[in-house]
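Visitor: dropping a prediction and its sequence here:
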Amino acid sequence: MSNQDESPENPLRKELPEEVPAAPAPATPTEESPAEPRLTGRRRLVKGLWPPRVSRAQLIVALLLFGLGFGLAVQVASNSDNDSALRGARQEDLVRILDELDDRTQRLEDEKEGLEKQREELENSSDQAEEARKQTAERERQLGILAGTVAAQGPGITMTIDDTKGTVEADMLLDAIQELRAAGAEAIQVNGVRVVASTYLTDSGKSVSVDGNKITAPYRFKVIGKPQDLEPALNIPGGVVQTLEKEQATVVVERSDKIVVDALRAAKRPDYARSSSQ
Amino acid sequence: MIAVLGLVVGVVAGLLVRPEVPAAVEPYLPIAVVAALDAVFGGLRAMLDGIFDDKVFVVSFLSNVVVAALIVFLGDKLGVGAQLSTGVVVVLGIRIFSNAAAIRRHVFRA
């Protein structure tokens, strides 16, 4: 292909005979100095290299060599790229690589699916835990109202028993409390003492003790419940109000839209009773 | 000297620009580069022999590149592209070696 190897001493190159006359002696003027008609190859190389000469031949050769260098560099650069490692690969290799990638994709997809499922379960369970916690807190508040550990407010009544003669006794107040409970009272306090399940009333001299706290007349009941139920329950004939009035006490019952029962009681841990629900 | 500069500038430009090789030219570029290398070695040897001619060099350079690309193209069409390009590279390699040997004799006298 190259037509430049027309060297007389190469016996193998007998083709292209017309090239020999096409390369006359003054082809490159740099090589032919009249002072030294017989130049060695090495001299010619040095002479052609060092004093830079601008000639048409030099420019054309430079242009071609520029193209060669450019192509060379581009090819080397594109070959040394990572992704072009696949460019030279054979078809079978490519198919194998593709299969492997497919397998890997499948595996990763499966893994992703599993992890997503797991995440969903965790989210659900944390939602459930949150819900349970909310319900527990709500239940705690409700039970706290019953146990007297939290304040409560709502519609209800106030009942004031004024006992100027000192005739009211504990059993009458207990009757009143029972009547209120029967009528659906949800939170009761008497003169600043919360009435709960374990509340007891005792006579102490001329006054009454509630859970050991002495209270004196007038006895003010604050009751949360449905006022339309509580008031008639107290006022029924022969009921609490009539019994107390028979004892010369004055009883005033008032309905109210907002009763605040804010007397508290410390939660007591039972000594013997244990929950059997566990 | 200017020719050598041209080669260096070409390499640097190719490394700096890093153009995307068009897919149509891609299979022929390596073969074309090897063919051009063969032409350059032949030209260098001719210069050392004192018979360098720029016209011959240009024609041989271009025809080398074109014929090499043509052979690979034909091989691709015939379905023997890989084998044919291997053959072209082998032939060109042998020629490059023989030219390099002649150059070596000139330069080192050995």
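Guide: That came through fine.

Visitor: the residue in the stretch 101-250 of chain A positioned nearest to chain B sits in which helix or strand?
Guide: Closest residue of the stretch 101-250 of chain A to chain B, Cβ to the nearest Cβ: A:Leu101 (21.9 Å). Every residue, glycine included, has its C-beta placed from N, CA and C. Assessed by DSSP states H and E, A:Leu101 sits inside helix A:91-147.

Visitor: immediately after that helix, which helix or strand?
Guide: By DSSP H and E, the next helix or strand past helix A:91-147 is strand A:152-162.

Visitor: distance between that following strand and the chain's centre?
Guide: 47 Å (Cα atoms, centre = their mean, to the nearest Å).

Visitor: and after that strand, which helix or strand comes next?
Guide: Strand A:152-162 is succeeded, C-terminally, by helix A:170-182 (DSSP H and E).

Visitor: which secondary element of the chain has the worst mean pLDDT?
Guide: Going with chain A. Least confident element among the helices and strands of chain A, by mean pLDDT, DSSP states H and E: helix A:19-22 (a mean of 43).

Visitor: oops, wrong one, chain B.
Guide: helix B:2-17 (a mean of 81).

Visitor: which residues are contacting that one?
Guide: A:49, A:52-54, A:58-59, A:61-74, A:76-77 (Cβ atoms under 8 Å, 6 or more residues apart in numbering or on different chains).

Visitor: switch to 10 Å and redo it
Guide: A:48-49, A:52-55, A:57-78, B:19, B:40, B:43-44, B:47, B:54, B:57 (Cβ atoms under 10 Å, 6 or more residues apart in numbering or on different chains).

Visitor: return the set of buried residues in that helix.
Guide: Within helix B:2-17, the residues that count as buried by 16 or more other Cβ atoms under 10 Å in any protein chain shown are B:2-3, B:6-7, B:10-11, B:13-14.

Visitor: can you name the element that comes right after that helix?
Guide: helix B:28-49.

Visitor: and the angle from that next one to helix B:2-17?
Guide: Using axes from the mean of the first three to the mean of the last three Cα atoms, to 10 degrees, the inter-axis angle of helix B:28-49 relative to helix B:2-17 is 160 degrees.

Visitor: residue closest to the middle of chain A?
Guide: A:Glu123 (9.1 Å; Cα atoms, centre = their mean).

Visitor: next one: chain B
Guide: Centre-most residue of chain B, counting by Cα atoms, centre = their mean: B:Ala36, 1.8 Å.

Visitor: so how far is the longest helix anywhere in chain B off the chain centroid?
Guide: In chain B, assigned by DSSP state H, the helix with the most residues is helix B:81-108. Relative to the centre of its chain, helix B:81-108 is centred 10 Å away, using Cα atoms, centre = their mean.

Visitor: what helices and strands are in contact with that helix?
Guide: helix A:41-49, helix B:28-49, helix B:54-78 (3 or more Cβ pairs under 10 Å, 6 or more residues apart in numbering or on different chains; DSSP states H and E).

Visitor: and with 6 Å instead?
Guide: The contact analysis (3 or more Cβ pairs under 6 Å, 6 or more residues apart in numbering or on different chains; DSSP states H and E) places helix B:81-108 against helix B:28-49, helix B:54-78.

Visitor: mind listing what's buried in it?
Guide: B:81, B:84-85, B:88-89, B:91-92, B:95-96, B:98-99, B:102-103, B:106.

Visitor: do the same with stretch B:20-32
Guide: Those would be B:21, B:27-32, for stretch B:20-32 by 16+ other Cβ under 10 Å.

Visitor: among these, which ones lie close to chain A?
Guide: Among those, the residues within reach of chain A (Cβ under 6 Å from any Cβ of the partner chain) are B:21, B:29-30.

Visitor: confidence-wise, which of these comes last?
Guide: Least confident entry in those, by pLDDT: B:Val21, with 71.

Visitor: test for you: state the pLDDT assigned to the closest residue to A:Leu174 other than its chain neighbours.
Guide: Spatially, and ignoring its direct neighbours in sequence, A:Leu174 is nearest to A:Leu201 (5.0 Å; Cβ to Cβ, 6 or more residues apart in numbering or on different chains). With respect to pLDDT, A:Leu201 scores 87.

Visitor: where does A:Leu201 fall, phi/psi-wise?
Guide: Dihedral pair for A:Leu201: phi -120, psi 140, per degrees, to the nearest 10.

Visitor: what does the one 3 residues further on give?
Guide: Dihedral pair for A:Ser204: phi -140, psi 100, per degrees, to the nearest 10.

Visitor: tell me how far it lies from B:Leu15.
Guide: Going from A:Ser204 to B:Leu15 by Cβ to Cβ, to the nearest Å gives 108 Å.

Visitor: residues touching the residue nearest to B:Ala32 when sequence neighbours are not counted, list them.
Guide: By the measure of Cβ to Cβ, 6+ apart, the closest residue to B:Ala32 outside its immediate chain neighbours is B:Val65, 4.6 Å from it. Applying Cβ atoms under 6 Å, 6 or more residues apart in numbering or on different chains to B:Val65 gives the contacts B:32, B:35-36.

Visitor: now with 10 Å, please.
Guide: A:1, A:64, A:67-68, A:71, B:28-29, B:31-36, B:38-39.

Visitor: alpha carbons only: can I get the least confident helix or strand of chain B in CSV?
Guide: Extracted C-alpha coordinates of helix B:2-17, given in CSV (Å, rounded to 0.1, in the frame of the first residue of the first chain):
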residue,chain,number,x,y,z
ILE,B,2,7.5,21.2,10.7
ALA,B,3,6.3,17.7,9.9
VAL,B,4,7.4,16.5,13.4
LEU,B,5,5.7,19.5,14.9
GLY,B,6,2.5,18.6,12.9
LEU,B,7,2.5,15.1,14.4
VAL,B,8,3.0,16.5,18.0
VAL,B,9,0.3,19.1,17.5
GLY,B,10,-2.1,16.4,16.2
VAL,B,11,-1.5,14.2,19.1
VAL,B,12,-2.0,17.0,21.6
ALA,B,13,-5.1,18.2,19.8
GLY,B,14,-6.6,14.7,19.7
LEU,B,15,-6.0,14.3,23.5
LEU,B,16,-7.4,17.7,24.3
VAL,B,17,-10.4,17.8,22.0
